[in-house]
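Student: how would this look folded up:
(one chain, ligands or ions: 1)
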Amino acid sequence: MKAVVQDRYGTPDILRVEELPLPQPRSGQVRVKVVATSVNLSDWENLRGRPAYARIGGLRRPKHPTPGSDIAGWVDAIGEGVTRFRIGDAVYGDNLFLKGGFAEYAVAVETALTHKPTDLDFVAASAIPQSGAIALQGTHGAAPGTRVLINGGGGGSGVFAIQLAKRAGAHVTGVDTAAKLDFMRSLGADEAIDYRQDDFTRQRYDLILDMVAHRSVFAYRRALNRGGRYRCVGGTVPTLLRVLTAGAVVGAVTGRRLGMLAVKEGPAHFSPVADLCLAGEIDTRVDRTYSLEETAAALGCVGAGQALGKVVVTP
Ligand SMILES: NC(=O)c1ccc[n+]([C@@H]2O[C@H](COP(=O)([O-])OP(=O)(O)OC[C@H]3O[C@@H](n4cnc5c(N)ncnc54)[C@H](OP(=O)(O)O)[C@@H]3O)[C@@H](O)[C@H]2O)c1
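Tutor: Numbers count the residues shown, from 1 in each chain. This next block holds a predicted model:
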């Protein structure tokens with residue numbers, strides 16, 4: 001089978017497409033003939049080996065030689081003890097622990113996957129698992145009368161987060177680059193802020209979901225109403241550590257909550273987003289699709305911040 005190989009950390013040009021043996025599913029695993037794999041910022045971080053948390057499990061080189069975790073495709077082989085799937089089932093999920101999605105076939109843990117609804121196409125399905133889980137958990141608490149801010153609102157998770165918060169009745173502000181302001185408004189954002197021009201911490205919010213944390217905990221505290229909550233999912237390591245330590249203290253003594261969101265994985269955490277997409281209540285926004293041979297370009301597009309929403313590779 002053809003697969004993308006990453007044998008060290010670096011820039012997209014280190015990725016090669018090679019002929020590899022077909023992977024065999026072990027106990028509790030299935031093999032998926034991949035139709036679509038979406039690109040997440042975590043794939044870019046895994047390519048670069050930065051921030052440092054991207055090297056967990058592989059200090060010098062990635063633990064898994066083929067990247068790509070958000071897969072959608074057909075089950076074509078099953079390992080011992082698999083009970084939920086049969087050969088020929090259409091599935092999708094976040095294969096974060098085994099990866100291998102930028103390939104014609106990938107082996108996944110059974111519990112990472114769920115059945116793909118017939119009306120959801122493979123490209124849309126692959127766009128949902130990781131971003132949808134982040135957005136769903138990150139916007140928990142959005143409600144009528146609340147002010148919600150999504151930092152990094154024009155990216156993969158932001159697409160869902162803005163729509164979910166808006167659907168929950170909140171007043172929503174998205175922060176991203178100038179090129180994504182209209183895009184965020186098209187998703188329902190009431191306000192859109194260019195982070196290179198304006199400082200979002202000069203206004204106050206009840207809930208902040210931050211994809212790219214890099215400010216001080218005092219800035220985040222300043223941006224929260226009393227009783228408000230700040231959750232970050234990604235960003236620079238020093239900032240994340242400060243949020244976990246000083247942020248927790250600053251929040252506690254000022255009647256706010258500052259912390260990092262450890263996103264729960266698995267179908268229970270992303271299929272509600274797929275259900276909302278199927279019901280026409282929210283949209284997957286896929287900007288571009290790339291062939292397997294163009295995986296480096298797909299990752300480069302996300303890394304350079306050029307995508308409006310999701311980018312998908314279709315092996
Ligand atoms: N905590 C957990 O358990 C967990 C689990 C899975 C993933 N994650 C992490 O969650 C994050 C998810 O991000 P994603 O997939 O939504 O990323 P994404 O698609 O790349 O979106 C991030 C957006 O933020 C923008 N941005 C960059 N710098 C910014 C700044 N200073 N201020 C405001 N916006 C800025 C980017 O635009 P430009 O690039 O154009 O600037 C981009 O539009 C990743 O870091 C991933 O590692 C966490």
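Student: Those residues of the chain touching the ligand, which are they?
Tutor: Proximity of the chain to the ligand is confined to 40-42, 45, 130-131, 134, 151-152, 154-158, 175-177, 180, 195, 211-212, 214, 233-234, 261-263, 302, 305 under the rule Cβ under 6 Å from any ligand atom. Just so you know, the C-beta spots here come from the backbone N, C-alpha and C atoms, and that holds for glycine as well.
Student: Just the buried residues from the residues you listed, in ChimeraX please.
Tutor: This is the ChimeraX syntax for the buried subset of the residues of the chain next to the ligand, where burial follows 16 or more other Cβ atoms under 10 Å:
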select :40,41,42,45,130,131,134,151,152,154,155,156,157,158,175,176,177,180,211,212,233,234,261,263,302,305
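Student: Can you list which of the residues of the chain next to the ligand are found in helices?
Tutor: 41-42, 45, 130-131, 134, 156-158, 302 (DSSP state H).
Student: Now Val109: phi and psi?
Tutor: In this entry, Val109 is assigned phi and psi values of phi -70, psi 130 (degrees, to the nearest 10).
Student: how much space between it and the ligand?
Tutor: 16 Å (Cβ to the nearest ligand atom, to the nearest Å).
Student: How about that residue: which residues does it bridge to?
Tutor: Val109 has the following beta-bridge partners by DSSP bridges: Gln29.
Student: Same check on the one 4 residues further on?
Tutor: Under DSSP bridges, the beta-bridge partners of Leu113 are Gly93.
Student: hang on, it packs against Gly28?
Tutor: No: the criterion here is Cβ atoms under 8 Å, and Leu113 misses it with Gly28 at 11.4 Å.
Student: Could you pull up phi and psi at the nearest residue to Ala223 once chain neighbours are set aside?
Tutor: Distance criterion Cβ to Cβ, 6 or more residues apart in numbering; nearest residue to Ala223, sequence neighbours excluded, is Thr201 at 4.0 Å. Per-residue torsions, Thr201: phi -80, psi 0 (degrees, to the nearest 10).
Student: again with Lys2
Tutor: Dihedral angles of Lys2 (phi, psi; degrees, to the nearest 10) stand at phi -90, psi 140.
Student: That one - nearest residue in space that isn't next to it in sequence?
Tutor: Excluding the flanking residues, the one nearest Lys2 by Cβ to Cβ, 6+ apart is Glu104, at 5.2 Å.
Student: likewise Gly68?
Tutor: Nearest non-adjacent residue to Gly68, counting by Cβ to Cβ, 6+ apart: Gly101, 2.8 Å away.
Student: The one you found touches Ser69, doesn't it?
Tutor: Yes: if you go by Cβ under 8 Å, Gly101 and Ser69 touch, sitting 5.7 Å apart.
Student: Quick one: residues contacting Thr177.
Tutor: Going by Cβ atoms under 8 Å, 6 or more residues apart in numbering, Thr177 touches 154, 194-196, 305.
Student: what ranges of the chain fall below the confidence cut-off?
Tutor: Within the chain, not a single segment meets pLDDT under 70.
Student: where's the most centrally placed residue in it relative to Cys277, distance?
Tutor: Note on the chain: the residue nearest the mean C-alpha position is Ser131, at 3.3 Å, using Cα atoms, centre = their mean. The gap separating Ser131 from Cys277 is 12 Å, by Cβ to Cβ, to the nearest Å.
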